[in-house]
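1. Predicted model follows, preceded by the sequence.
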Amino acid sequence: MIYENVEIGKNSSIGEYVVIEKGVIIGDNVTIGHHVVIKEDTVIGDNVKIGSLISLGKRPTTNKKMARKPVSTLAPLKIGHNVTIGDHVVLYRGVMLADDVYIGDLASIREKTIVGEASIVGRSATVENNTVIGKRVTIQTGSYVTADMMIEDDVFIGPCVSSSNDKYMGEGNYRHQGPIIKKGAKIGNNVTLLPGVEIGEEAVVGAGAVVTKRIHSNTTCVGNPAQPLRK
């Protein structure tokens, strides 16, 4: 089903059982797989490849227990040029993907999140809301990027890294703040980053470390809690 006022560019192809809601704009040379839902006002650039079984522009939902209610007014989902989106991906309204971004199968990106140019969000990775991801960032398979997180350019995040933004776990007495990862830092497999910690520029965090406080620039840290390696 395609609404009448949808704009579709030249040489674009659309699979079977696709729903494209009103106000959607699709660029030239776009490929859309089967069973895709594109919600209203979504904007898709040129040369974008979209897999199958995908929801684009989904609105966030809530219930009585959820302390942080999603905002009702969100900008439309915007997808830049030359973006590739795998199968079973969910992208929320209020997300902005820059040019040349790659989204792996089964990934999810929540509202009010920006993903910079040429960055990768790997297979099964989850990116929560209010998060900024810089240019040329790699987030590998199965990683959890919490809400309110800042990731600068050229950061590498290994598989199954976990981060958090609530120091007192739902008590409501802490201003949510995710980790801040500075330019060029590298985070190893299965690292845990606690709320508000800062990882300095070009710092390296070894696999399995638990980061409880600031890591200075150009420092390598390992262990639980993470400590600098002796030189």
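-> That came in fine, so what should we check first?
2. Point out where this protein drops to low pLDDT.
-> By pLDDT under 70, the weakly predicted segments of the chain are 172, 174, 231.
3. what residues does the longest strand along it touch?
-> When the chain is parsed with DSSP state E, its longest strand is strand 54-58. With contacts defined as C-beta atoms under 8 Å, 6 or more residues apart in numbering, strand 54-58 is touched by 21, 33, 35-42, 44, 50, 76-77, 79, 85, 87-93. No exception for glycine: its C-beta is placed from N, CA and C like everyone else's.
4. With stretch 34-43 instead?
-> 15-26, 32, 44, 50-59, 76-79, 93.
5. Tell me which helix or strand residue 225 sits in.
-> According to DSSP states H and E, residue 225 maps onto no helix or strand at all.
6. tally of neighbours for the closest residue to it other than its chain neighbours?
-> In this structure, residue 225 finds its nearest non-sequential neighbour in residue 212, 4.4 Å apart by C-beta to C-beta, 6 or more residues apart in numbering. Look at residue 212: counted by other C-beta atoms under 10 Å, it has 13 neighbours.
7. check contacts around residue 212.
-> With C-beta under 8 Å, 6+ apart, residue 212 has these contacts: 194, 197, 225, 226.
8. Also residue 128?
-> 110, 113, 144, 145, 146, 147, 148, 149, 165, 178.
9. give me the number of residues near the fourth one?
-> So that's residue 145. Other residues lying near residue 145 total 26 when counted by other C-beta under 10 Å.
10. Any idea what it is bridged to?
-> Residue 145 has these beta-bridge partners by DSSP bridges: residue 127.
11. how long is stretch 127-147 from one end to the other?
-> 7 Å (C-alpha to C-alpha, to the nearest Å).
12. meant to ask about stretch 211-218
-> End to end - C-alpha to C-alpha - stretch 211-218 spans 15 Å.
13. Would you indicate which residues of that stretch are buried?
-> 211, 215 (16 or more other C-beta atoms under 10 Å).
14. how far does it sit from the chain's center?
-> With C-alpha atoms, centre = their mean, to the nearest Å as the basis, stretch 211-218 stands 23 Å off its chain's centre.
15. Once you drop chain neighbours, what's closest to residue 214?
-> residue 198 (4.7 Å).
16. what's the burial count for that neighbour?
-> Neighbour tally, residue 198, other C-beta under 10 Å: 18.
17. Is it in contact with residue 217, as I believe?
-> No - the pair residue 198 / residue 217 is not scored as a contact, 9.7 Å apart, by C-beta atoms under 8 Å.
18. Between the two, which contacts overlap?
-> Joint contacts of residue 198 and residue 217 (C-beta under 8 Å, 6+ apart) are residue 182.
19. circling back to that earlier point, what residues sit buried inside the longest strand of the chain?
-> 54, 55, 56, 57, 58.
20. And stretch 10-20, by the same measure?
-> 12, 14, 18, 20.
21. CA atoms only: put that stretch into PDB for me.
-> The C-alpha trace of stretch 10-20 is given here as PDB (Å, rounded to 0.1, in the frame of the first residue of the first chain):
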ATOM      1  CA  LYS A  10      13.900   7.500 -10.500                       C
ATOM      2  CA  ASN A  11      15.000   3.900 -10.800                       C
ATOM      3  CA  SER A  12      13.800   2.900  -7.300                       C
ATOM      4  CA  SER A  13      12.400  -0.600  -6.700                       C
ATOM      5  CA  ILE A  14       9.900  -1.700  -4.100                       C
ATOM      6  CA  GLY A  15       9.300  -5.200  -2.800                       C
ATOM      7  CA  GLU A  16       6.100  -7.000  -2.000                       C
ATOM      8  CA  TYR A  17       3.800  -6.200   0.900                       C
ATOM      9  CA  VAL A  18       5.300  -2.800   1.500                       C
ATOM     10  CA  VAL A  19       3.400   0.000   3.200                       C
ATOM     11  CA  ILE A  20       4.500   3.600   2.500                       C
END
